[in-house]
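Enquirer: Next come a sequence and a model predicted from it.
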Amino acid sequence: MVAFKLFHAIGLIWIATFVFPVDAVSIDDSDDFFLVGTGIYDITGPIADINFMGYAMPQQTGHGLHLRLRSRAFVISEAANELHRYHDIFVSADIGMGSDLLTFRVVERLDDLLSERKNLCKIENLSISGTHTHSGPAGFLQYVLYQFTSLGFVKETFNTFVEGIAQSLLRAQLNMKETDIMINTGLLFGANINRSPTSYLENPLSERMFYESEGDTDKTMLLLKFQAKDTKADIGLLNWFAVHGTSMNNTNLLVSSDNKGYASYLAEKHFNGNSTLPGRGDFVAAFASTNLGDVSPNTAGAKCIDTGLPCDDKSSSCDGNSLKCIGSGPGNDMFQSTEIKKQWHYAKTLFDGAKKILSGKISSRHSWVDMSNQEVLLESGEVVKTCSAALGYSFAAGTTDGPGSGQFVQGTVISNPFFDEVAGFLSRPSVEEKICQYPKPILINTGDLSMPYFWDPPTVPISIFRLGDLYEFTTMAGRRLRKAIYSTLKEYDIVNGTVTIAGLSNSYVHYVTTYEEYQAQRYEAASTLYGPHTLNAFIMNFERILKDLLDGIVSDSDRPPPDLGDDQLSFVPPVVFDRIGFFERFGGVIDNAKELYLQGQEAQVSFRSANPRNNQRIEGTFLSVDQLGPNNRWTTRYVDGDWCTKFAWHSEPNQLGKSIAKITWNVPDDEVEGIYRICHYGTRKLPIREAEILMRSVLDKLGFRGSSFILWAFSSSFGYMWNTLSLNSW
């Protein structure tokens, strides 16, 4: 522990991939209400050694924590009868994307937790939507393509996500109450840009002119406000706004929930009280993803990092090198850019102005679709087909938010014989597959790969929710999808519905572009797995299940994907042991804090530490900043889920098992004077532990039960606090 004195300086329909709210009436005219429960739970997972999901950079492995990841759950019912209640269930989780295996396990785990109310949550009425942070642990998807940089499946990540999401749903179910749901929408400018503007320009001029007021990205934020019917207390908010979770770039090594997680943090601090620690309090605020496929938060745009000049428009490269073309801003660094509060501020404006109450029925439809084998009737009368899944060359180039390989550039429509030959060792596409995917030159023919298990999902989930899964749809692809849904609603004389796309839900199959954008073969098009008619196939199937919902019939479905949980491979090395040097102790201070800090300054302390994977400290913390109060009692003011703290961990070079944790506290500008201390908490794993586990097993078989005490002694926690400083006033 380190203490110092701080001196005060002078001076809907959601398409899950949708929600459509049904009828909306004025706040004074409705006696209708829903039953709503909200829940939040920690899903941070391993913060050390594990690769991050998103940028697919092998060297981007966790070395600490900035903002904890959370699951935020909303359970909504229309019926007052406890035994015959139908639920719509939506989860916004600070993870890269949805996962079919994750959804399967969450449903199973929630059944275990709700032993007397099994089948509350099913695949058919559940949408788990990722906020698309690129700074969370990987290894939770069951397909090979998404496991290369994470060294396979990561149980530490997966199990934490399953348990945390299920626990958030349990909390939501247990606190359901009569609730008014209010809706509001508006346009938020200056918070996103299109990272593939030349692709957007491939769309018809007349179509682009229709959206001229918003431009080449969606600016609409749709917000639901939840207010207790009896007390009028605000209990939550849920909104959708299109922007990637890439404010933190691919050099970041601290687990972070990125811009949407930060917006949720600010909202929950505001409504629960600034003294409430993160993840605590009754108010739950989710900033969910929507059609963000080509939408970047880096509003300063992409420039060549060596010259400062604009990148080549079509290839997003500098002299043919995509690694030099990087987007940035609006801040001076990625932390400042993440800290921009536009999403939260505008959500608060919509929240305060929400007056229309939703009323009516809730329902949903779900279907599994084999997207590689869809026949689509175009407006021209031509019948076209989707393709077996494949990734194009530009996939390997990455984006301006996070470049991939310097050997590839966006916009590539001509294959390279060398790369074709190398990729052919995995799977060589047939002539028919090449024609189907044209003009995409196939780099990885994922649809034909099944060793050691599937590389991409063989079938994908689509869902539509009526309140009162989609993938990364580009701006115009999302607009066409919403337009088709509105058109279908109009056929049923529903003219006042509101449609939103809940992105990255329940599974992941990369991107969906328009046919015109597909021709340009930038990153998003090269990552549109099922060929140029993918969007039309999705629209056709969403129209189908929406009509099923409105007609009250069950939707047809292809087979669900296989459960590959037992087949997963993992090559992530375990934590072997932690150690310290002679005359050292775990938790000992290496570099101490200064005696005095002013508001706005940065306090840092380094400790002898242990690998954070030993104990993820879920619903806990690796650090605390405590203030000395009356009667010499310490009160925790900040933890590792607060924006103003950072927990950085690294192993010492050439010192197996030795590690250091550096805790940083950026003293808030409004922090009060006082005596503070910085504490570090962790769990050590000593070399003898593995021998103790073996010994315990042997002794247990011999009928001796005392070895458990020995085992516990060698896997103990630490939380040393020392070097308290007594300081006088300045």
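Expert: Looks like it came in fine.

Enquirer: For the rest of this, base every contact and every neighbour count on C-alpha atoms.
Expert: OK.

Enquirer: Could you pull out the helices in the stretch 401-550 of the chain for me?
Expert: Using DSSP state H, counting those that start in this stretch, the helices found in the stretch 401-550 of the chain span residues 417-424, 431-437, 475-491, 515-520, 523-526, 534-551.

Enquirer: Then the stretch 601-730 of the chain?
Expert: Under DSSP H, counting those that start in this stretch, the stretch 601-730 of the chain gives helices at 689-701, 707-713.

Enquirer: cool, and the stretch 151-300 of the chain?
Expert: Using DSSP H, counting those that start in this stretch, helices in the stretch 151-300 of the chain cover 155-174, 197-200, 205-210, 258-272.

Enquirer: looking at the ones you listed, which is closest to D670?
Expert: For D670, the closest of these is helix 258-272, at 14.9 Å, according to Cα to Cα.

Enquirer: Check which residues of that closest one are buried.
Expert: 258-269, 271-272 (16 or more other Cα atoms under 10 Å).

Enquirer: For T179, state which of the residues you listed is nearest.
Expert: Relative to T179, and with distances defined as Cα to Cα, the nearest of the buried residues of helix 258-272 is F271, at 17.1 Å.

Enquirer: Helix or strand with the lowest mean pLDDT in this protein?
Expert: Lowest on mean pLDDT, DSSP states H and E among the helices and strands of the chain sits helix 707-713, with a mean of 27.

Enquirer: Can you list the low-confidence ranges for the stretch 551-700 of the chain?
Expert: Along the stretch 551-700 of the chain, the parts satisfying pLDDT under 70 run over 688-700.

Enquirer: so how many other residues sit close to E432?
Expert: For E432, the count of nearby residues is 11 (other Cα atoms under 10 Å).

Enquirer: Please disregard the earlier target; I meant E339.
Expert: E339, neighbours per other Cα under 10 Å, totals 16.

Enquirer: hang on, it packs against Y262?
Expert: Yes - the pair E339 and Y262 qualifies as a contact (Cα atoms under 8 Å) at a distance of 7.2 Å.

Enquirer: need the contact list for K483.
Expert: K483 makes no contacts at all, as judged by Cα atoms under 8 Å, 6 or more residues apart in numbering.

Enquirer: Leaving out the residues flanking it, which one is nearest to the spatially most central residue of the chain?
Expert: For the chain, the residue nearest the mean C-alpha position is I95 (2.8 Å; Cα atoms, centre = their mean). Ranked by Cα to Cα, 6 or more residues apart in numbering and with sequence neighbours excluded, the top spatial neighbour of I95 is G130, at 5.0 Å.

Enquirer: ok, the closest residue to G531 other than its chain neighbours to Y530 distance?
Expert: Take G531 and drop its neighbours on the chain: the residue closest to it by Cα to Cα, 6+ apart is Q437, 4.8 Å away. Distance, Q437 to Y530, using Cα to Cα, to the nearest Å: 8 Å.

Enquirer: now do A166
Expert: 32 Å.

Enquirer: Which one of these two is surrounded by more residues?
Expert: A166 (29 against 26).

Enquirer: Show me what G152 is bridged to.
Expert: S570 (DSSP bridges).

Enquirer: What count of nearby residues applies to it?
Expert: Per other Cα under 10 Å, the neighbour tally for G152 reads 22.

Enquirer: Next, work out how far apart it and L69 are.
Expert: 21 Å.

Enquirer: G190 is in contact with N298, isn't it?
Expert: No - using Cα under 8 Å, G190 is not in contact with N298, being 10.2 Å away.

Enquirer: Neighbour count for the two, which is higher?
Expert: It is N298, of G190 and N298, that has more neighbours when counted by other Cα under 10 Å, with 29 against 10.

Enquirer: Identify the residues contacting the closest residue to G54 other than its chain neighbours.
Expert: Leaving aside its sequence neighbours, G54 sits nearest to H134 (Cα to Cα, 6+ apart; 4.5 Å). Residues near H134 by Cα under 8 Å, 6+ apart: 52-55, 95-96, 245-246, 248-249, 258.

Enquirer: Next, format those as JSON lines and append pLDDT and distance to F571.
Expert: Converted to JSON lines, the contacts of H134 look like this (pLDDT from 0 to 100; distance: Cα to Cα, whole Å):
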{"residue": "F52", "pLDDT": "98", "distance to F571": "15"}
{"residue": "M53", "pLDDT": "98", "distance to F571": "16"}
{"residue": "G54", "pLDDT": "96", "distance to F571": "19"}
{"residue": "Y55", "pLDDT": "97", "distance to F571": "20"}
{"residue": "I95", "pLDDT": "98", "distance to F571": "22"}
{"residue": "G96", "pLDDT": "98", "distance to F571": "21"}
{"residue": "G245", "pLDDT": "98", "distance to F571": "27"}
{"residue": "T246", "pLDDT": "98", "distance to F571": "27"}
{"residue": "M248", "pLDDT": "98", "distance to F571": "27"}
{"residue": "N249", "pLDDT": "97", "distance to F571": "26"}
{"residue": "D258", "pLDDT": "98", "distance to F571": "28"}
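
Enquirer: now, among the residues you listed, which is nearest to L377?
Expert: Among those, and counting by Cα to Cα, the member closest to L377 is G96, at 33.4 Å.

Enquirer: Report how many residues lie close to R117.
Expert: Neighbours of R117 (other Cα under 10 Å): 12.

Enquirer: quick revisit: could you dump the helices of the stretch 151-300 of the chain into JSON lines with distance to G381 added?
Expert: Below are the helices of the stretch 151-300 of the chain laid out as JSON lines (distance: least, Cα to Cα, whole Å):
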{"stretch": "helix 155-174", "distance to G381": "45"}
{"stretch": "helix 197-200", "distance to G381": "25"}
{"stretch": "helix 205-210", "distance to G381": "21"}
{"stretch": "helix 258-272", "distance to G381": "42"}
